[in-house]
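>>> All I have is the shape, not the residue letters:
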């Protein structure tokens, strides 16, 4: 029911806010839960389908690094080493080759 309230709401000014949904739940369904859980649900529903990113920018002399975990099997034993990688250094290595 709350999902339909969120998806079928009219224009932005008239859409259901978390407060309005909370009030409707209390009035129409005798909801006894708290406002915070309704607010969190509404927030997750609204951002759930949106891709989000933070643009990266680095001052001269600073670097970007990516970290991760890999699965490595040596002599039948599985290891999960954590690695760090500087993408710019990797691109330079791939461009110039191992000798450069």
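Perfect, I can see it now. It should be emphasised that the depicted structure is a prediction, and the values quoted were computed from it without experimental measurement.
>>> Using the three-state scheme, assign residue 64.
Counting by DSSP: H, G, I helix; E, B strand; the rest coil, the backbone at residue 64 sits in coil.
>>> and it, what pLDDT?
Predicted confidence (pLDDT) for residue 64: 71.
>>> I'd assumed residue 87 was in contact with it.
Yes - using Cβ atoms under 8 Å, residue 64 is in contact with residue 87, at 6.1 Å. For glycine as for every other residue, the C-beta is placed from the backbone atoms N, C-alpha and C.
>>> what sits in contact with each of those two?
Shared contacts of residue 64 and residue 87 (Cβ atoms under 8 Å, 6 or more residues apart in numbering): none.
>>> Output the contacting helices and strands for the helix or strand in which residue 73 is found.
According to DSSP states H and E, residue 73 maps onto strand 72-74. Applying 3 or more Cβ pairs under 8 Å, 6 or more residues apart in numbering; DSSP states H and E, one finds that strand 72-74 makes contact with strand 77-79.
>>> Identify each buried residue in the strand it packs on, please.
Within strand 77-79, no residue is scored as buried using 16 or more other Cβ atoms under 10 Å.
>>> ok, that strand: who's next to it in the sheet?
Take DSSP bridges as the rule and strand 77-79 pairs in its sheet with strand 72-74 (antiparallel).
>>> quick one: average pLDDT of the partner strand?
Strand 72-74 carries an average pLDDT of 90.
>>> Show me the contact partners of it.
With contacts defined as Cβ under 8 Å, 6+ apart, strand 72-74 is touched by 78-81.
>>> So what touches stretch 54-71?
With Cβ under 8 Å, 6+ apart, stretch 54-71 has contacts from 78-88.
>>> Mean pLDDT per element in this structure, and the minimum belongs to which helix or strand?
helix 2-7 (a mean of 62; mean pLDDT, DSSP states H and E).
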